[in-house]
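Here is a sequence together with a model predicted from it:
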Amino acid sequence: MSEPITRRRILTDYRIRVAKCEQCGKQYFPPKSFCDVEGRHSKISHIEYFNDKGTIVSANIVRRPTNNFRYLDSLLTAVIAFDQGQIKIPGRITDYTPSNQEVDVTRFIDREVVPRFRRMFCDGESGQIYYSSLAFSFTDDYYSYQNYVIETPSNEELGKPGIVGYGVYIPKYRIKNTPDSGTGVEERTLPFADEDMVTFAVEAAKRALIHSASPSKLVTKCVVGSESNPYSVKPATSIITQALELGERFNDGFFTGGTSTQFACKAATDEFIDAVSLVTNPVFTDGGERTVMVIGSDNSQAAKNDPLDYSVGAGAAAFLFGARDVIATLDAFVTYSSDTSDFWRRDGQKYPKHGGRFTGEPSYFKHVLTATRRLMEKTKLKTCDIDYVGFHSPNIKFPITVAEKMRFNPEQYETGLIARWIGNLYSGSCPTALAAILDLAKPDERILITSYGSGAGSDAYLFTITEKIKDKRERSIPVINQIQSEHREYVTYETYRKWKEIGS
Amino acid sequence: MFAADSHEFYAGNTFPGLYASMMTRYLHDYGDQNGKCRETLAQIACKNHHHALSNQYAQFRRAITIDDVLNSPKVADPIRLLHCSPISDGAAAIILTRPELARRYTDTPIYIVGSQQATNDISLYSRNSLTEITTTTITVKNALNEANLTMDNVQLVEVHDCFTIEELLFLEDSGCFKKGKGWESIHESYSSFKGAKHIPFLCKGKELIVNSGGGLKADGHPVGATGIRQIVECFTQLVGKAGDHQVELDGELNTALTHNIGGTGAIANVHVLTKHLR
C-alpha cells in the first residue's frame, strides 16, 4: 500500500471515522465531503466509533484468505452496524479461531462487538505494518466493552503528582508450562496472530484513559517502553497517539510528544519520575493541567527452546500521570545503574542473548536490592510501613528472594507476583505488578515497587494511595480478572511460537 | 479472489466471502430450522449441472448431488466449492443491428425489446439490505417496462449465478417469488422433478426455465464474456437451435431475459429478448 493511501486509511480506520450529513443525518464510511441526498452544499461533520460497540449484521468465514491474511489459516469477517444501524462498516473478528468444521455463521448475527486496534497485514518483511480498528472482538467474550466517559475534574487545586489512571491489557491466549519449567511460571500470555507491542500498548492506554476519566487531549507526552518494537525506526508512540487521539488535535495531528524508550525491562518505569516532573513543570503544563502517559509493553522475545522461552509473556500496562484527582501519589524515587552485561540483543538480531547464571547475583539482585534498600533508607520507612511490594519478575524465585532478603512477608509480596500466571512481560512486568496491587490497595496504603532492566539498572518508587482510588475503581478491569477469565484459551507450543514470531 | 471495495479487502474479506455474508443473512432472516433452505441452495447447483449435461459448450457436463455440494470443500462458510461458479476461459460473440435491417442478414432475428443498466455502491456494507440486489430489482423492472412485458411473459432466464445464493436472490428481486419465499418454491419444484432435460421452477402457476445451458455454475463463467454468452444461450434457445439442450415447452418459446451483474451487484445489466415483435 502506498504511503499516501496508508495515511488516508490511518485517518479513517484507526478511529472508525464516519462522515455525517448535518441536514439529513445520513452517515458515510469511508467519510466523504458531501451527502448523496443533500448534494455538494451539504454540511458534513465527522463522528468516530472507536469507543462504541457495534452489532454484527452478517458474517462469513473465509477459508482461503488472500495473501495478506495468510498468516491466519481462516478468519471470520463481518458487516458491523453502529448507531442502531445508521452506518455499517466491514470488519474482521479477532481473538477468534474458526473450527475446521463448518460453522453455523448465522449464530453470529446480532452479537455485539467492540473495536480492537490490531495489525491487519504487512508489506513483506521490510514494508509497512498496517494497523486498523476494523478488527473487532465479541463483547461477551474475553474483551468486554467499556465506555470512555470524561468526568468533570474535581475542584481541588493541582497538587502532589502521581497516577490518575491505569490500565492493563493481557491477551486472551495462554500457554501452560508443562512440564514444570523450574521458573515458577505456571502459564504465560502470548499474542494472537494479529497482536504486537503496539496493539497491546493501545489497549492498555485506552483502559488507562477510561479508568482516569480524564480527557485524552490533556496528554501532552506519551512514552512507550519496550524491547519488541516492530519497527527499528518508526516510533510506536506516534501510532498510539494517533489511535488514541492523545493531546490537542490540530490538522489531523496532535500537540503531543513522546519517545519509544529502551532500557531492557525498565524502559517504562524509568519514565515514571520524568512524568511526575513534567506534570508539575509550568513550562510543560503551560500554566494549566497536562498529563503524561507511560506505557510498558512487550511481546517478550525469546529464541526457540532458550530458557527464556519458558518464562516470557506478552502484554502491557499503562499509567496516566497527572496532578489532579490522583489515585496514588509518587512520594519517593531511587534509580541505580551500572554497565553490567547480563542480557542484550544486537541490532538486526531477532532474539536476545543472556549471561545465564550471571543474570542473578551480580545483575538482578545487586541492582534491585540496592535501589530498594536506598529507597527505604531515604524514606526512613521500615518494612512494616509498606503494605505492598512489587518487583520485576523474570521468574518467581527472583522477586521472592528479594522480598525475603528485605524481610517482606508473603502478604506484602504475593499480590505483585502475577508473573506466575502471565510470564515475564519485560517492560510491562513491574508496571503490571503495580497495577495488580492498585487493583486491591486502599487509601493511605503504601506501595513499593522496584523494576529491573538488564544492562543494568533498577528504579524504586514509593506510592501512597489516595481516597480517589475508590471513585475510579469501578472503571478498572482488574489484572486478576484478566488472568482468571473464563474466556482465556490455551494453545500448543507450535501455535505459541507461530503467533509470537508474527508479532515480533 | 479479491473483494472490490478496498475496506472490505483490507478487512480480510474475499469475493466469495461477500456472497457468503449475503447467504448468511438470507439463512438467518428467511431460512428454516430443518435445513431445507440450505438444501435449496445446493439444489440450484445440482439443477444447473443437470442443465449442462446436454449442453455441448458447457464446462462441467457432469451431474452432482446435494450431498456432493454440502460435502465439497469450504470456501467461505456457508459457501462451499460447489456453490460457486468457476472462472473460465472463453469467448462469445453476437451481431447486432437495427430491427428493420435484421432480416437482411437472418431469417430468424431475435429482438432486444428491453435493455437496462443500473449501478449501486460497490461495497456490500454500504447497502440498505444484504438480501436484495437493488440493481437487479431496478433493471428487471425497467427492462420489462421498456418491453411492455411482465415477468409472467418471460419463459426463460439466464441468471448471473456466480454463487447459488445469487440465483435465488434474482428470482426474488425480479418479482418471480416473494422475498424470503423463493427457496420454498424452488425446493418444491426440484423435489418434484421427474427427469426431463430441464428442471423448471414453478413460478406463479407457470413453469420458468432458469439457466437452460447450466448458467455460470456449470456452463462456465468467462467473466467479461459471460453477458454475451447469456445472450447467445437465449438466442439459440429462441431460434430453436440449442441442439440437445433445447428447451421444450408446451407452447412456443418467445421471450427470454438475461441478467448479468458485476461485483456483488454494484452493477446489473438486464436484456429482454423476443422472437416476435408484438
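Now that the structure is in, tell me what you want to look at.

CA only for contacts and neighbour counts going forward, please
Will do.

For the closest residue to chain A within chain B, which three-state class applies?
Scanning chain B for the residue nearest chain A gives residue B:76, at 4.3 Å (criterion: CA to the nearest CA). On the three-state scheme (DSSP: H, G, I helix; E, B strand; the rest coil), residue B:76 is labelled strand.

cool, and residue B:125?
Look at residue B:125: counting by three-state DSSP, its state is helix.

ok, it - contacts?
Contacts of residue B:125 were listed using CA atoms under 8 Å, 6 or more residues apart in numbering or on different chains, and they are A:79, A:88, A:89, A:90.

Residues touching the helix or strand where the third one lies, excluding its own?
The secondary structure element spanning residue A:89 is strand A:87-93 (assigned by DSSP states H and E). Contacts of strand A:87-93 from elsewhere in the structure, counted by CA under 8 Å, 6+ apart, are A:27-29, A:75-82, A:134-138, B:7-8, B:11-13, B:125-126.

Kindly export it (C-alpha atoms) in PDB.
Output of strand A:87-93 as PDB, limited to C-alpha atoms (Å, rounded to 0.1, in the frame of the first residue of the first chain):
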ATOM      1  CA  ILE A  87     -24.000   3.100   9.500                       C
ATOM      2  CA  LYS A  88     -22.400  -0.200   8.500                       C
ATOM      3  CA  ILE A  89     -18.700  -1.000   8.100                       C
ATOM      4  CA  PRO A  90     -16.700  -4.000   7.200                       C
ATOM      5  CA  GLY A  91     -14.700  -5.700   9.800                       C
ATOM      6  CA  ARG A  92     -12.700  -8.800  10.800                       C
ATOM      7  CA  ILE A  93     -13.400 -10.600  14.100                       C
END
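
Work out the gap between it and the centre of the chain.
Strand A:87-93 sits 24 Å away from the centroid of its parent chain (CA atoms, centre = their mean, to the nearest Å).

Can you list the strands that it pairs with?
Sheet partners assigned to strand A:87-93 using DSSP bridges are listed as strand A:75-82 (antiparallel), strand A:129-138 (parallel).

Return the most buried member of these.
strand A:75-82 (a mean of 25; mean count of other CA atoms under 10 Å in any protein chain shown).

For residue A:371, give its distance to residue A:208.
Counting by CA to CA, to the nearest Å, the gap from residue A:371 to residue A:208 is 27 Å.

Just the buried positions in the helix or strand harbouring residue B:22, please.
Here residue B:22 sits within helix B:15-30, counting by DSSP H and E. Of the residues in helix B:15-30, B:15-28 count as buried by neighbour count, 16 or more other CA atoms under 10 Å in any protein chain shown.

Close to chain A as well: tell me which of those residues qualify.
Residues of these in contact with chain A (CA under 8 Å from any CA of the partner chain): B:17, B:18, B:20, B:21, B:22, B:24, B:25, B:27, B:28.

thinking again about what came up before, could you dump the strands paired with strand A:87-93 to a markdown table with mean pLDDT?
Below are the strands paired with strand A:87-93 laid out as a markdown table (pLDDT from 0 to 100):
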| stretch | mean pLDDT |
| --- | --- |
| strand A:75-82 | 98 |
| strand A:129-138 | 97 |
